[in-house]
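Novice: after the sequence you'll find the predicted model.
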Amino acid sequence: MSIHPTALVDRCARIAENSEIGPYCIVGPEVEIGPRTRLMAHIYLEGPTVIGADNLFYPYSTVGVAPQDKKYRGERAETRIGDRNNIREFVTIHRGTEGGGSITSIGSDNLLMTYTHVAHDVRIGDHVILGNSVGLAGHVVVEDWADVSPFSGVHQFCRIGRHAFVGPYTVVKQDVLPYSLTSNKPEVGVFGANIIGLERRGFATAEIESLQTAFRLLTRSGLNTSQALDRIRTEVAPCQGVTDLIEFIGSSPRGFIK
């Protein structure tokens, strides 16, 4: 393995032989770093933390540190990061708490841009993009392929649905529907399906049209949610995206942005 002479690596850390620890990095005990993962410089890691393969950490990010939760009393909690993630400059990722399952987890193939904050007990899926200075409060769930634009903040316990796009400067206080384009202009609301994102990922035109119709019924028809769902079930051509949308709404205890 390549460890720069200025790096401080605890003897109990487990470092894959073909990983790279750059200048002035600090790696604490109970940290596990997988193959070909590179810490560029000035990275601070505390354990228990497990990091997979082929990740790239840019300077001044911190991972696995104690959460900013006043209920935290030093209980054992973990941070888990998958493979092929890009963690940019000054990103902060805090470990979990007992009240949230004791795990903060990030999947694979994600991009966390500069100054992103991932609070305790957050769960991030795969292929997620978090823009510059996005703040995720505790217990937030971000599902696969979601894209949260810069300077947005997400309230604790909220969910960002799969393939959702959240516009810049958006304050998220309720769940964000999957496949939706949600933004704050003129106020926070759903502006239909995330058409561009879905097209880029190879979704069929018919499925995108079904989702667009479903969102119109939910947000533009003047119907309440139950009435809109009844019409979606009977009038909209069935597809996996519409099924996911209906299931997400049914499992949303905080309510959702409409």
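Specialist: Right, received. Where do you want to start?

Novice: drop to CA atoms for contacts and neighbour counts, all remaining ones
Specialist: Noted.

Novice: distance of residue 65 from residue 137?
Specialist: Note on residue 65: its distance to residue 137, by CA to CA, to the nearest Å, is 15 Å.

Novice: and for residue 179?
Specialist: 22 Å.

Novice: got a list of what the closest residue to residue 215 other than its chain neighbours touches?
Specialist: Nearest residue to residue 215 in three dimensions, chain neighbours excluded: residue 192, at 5.5 Å (CA to CA, 6 or more residues apart in numbering). Residues near residue 192 by CA atoms under 8 Å, 6 or more residues apart in numbering: 180-182, 212, 215-216.

Novice: same thing with residue 175?
Specialist: 158-161, 252, 254-257.

Novice: any idea how far it lies from residue 240?
Specialist: Distance of residue 175 to residue 240, given as CA to CA: 20 Å.

Novice: do residue 91 as well
Specialist: Using CA to CA, residue 91 is found at 34 Å from residue 240.

Novice: when the two are compared, which one has more neighbours?
Specialist: Neighbours were counted for residue 91 and for residue 240 using other CA atoms under 10 Å; residue 91 has more, 24 against 9.

Novice: how about the longest helix belonging to the chain: buried residues?
Specialist: Using DSSP state H, we find that the single longest helix of the chain is helix 205-219. Neighbour counts over helix 205-219 (16 or more other CA atoms under 10 Å) mark 207-208, 210-219 as buried.

Novice: buried set for whatever helix or strand comes next after it?
Specialist: Heading C-terminal from helix 205-219, the first helix or strand you meet, by DSSP states H and E, is helix 225-235. By neighbour count on 16+ other CA under 10 Å, the buried set for helix 225-235 is 228-229, 232.

Novice: just the buried members of the contacts of residue 175?
Specialist: 158-161, 256-257.

Novice: any chance of TSV for the residues you listed, columns pLDDT, distance to residue 224 and secondary structure?
Specialist: Formatted as TSV, these follow (pLDDT from 0 to 100; distance: CA to CA, whole Å; DSSP: H, G, I helix; E, B strand; the rest coil):
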residue	pLDDT	distance to residue 224	secondary structure
158	97	21	coil
159	98	21	strand
160	98	22	strand
161	98	21	coil
256	95	13	strand
257	93	13	coil
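
Novice: that older thread, kindly reformat the buried residues of helix 225-235 as TSV containing pLDDT.
Specialist: As requested, those are exported to TSV (pLDDT from 0 to 100):
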residue	pLDDT
228	94
229	95
232	95
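
Novice: could you check the pLDDT of residue 258?
Specialist: Here, the pLDDT recorded for residue 258 equals 89.

Novice: could you list the low-pLDDT ranges of the stretch 151-258 of the chain?
Specialist: For the stretch 151-258 of the chain, no stretch has pLDDT under 70.
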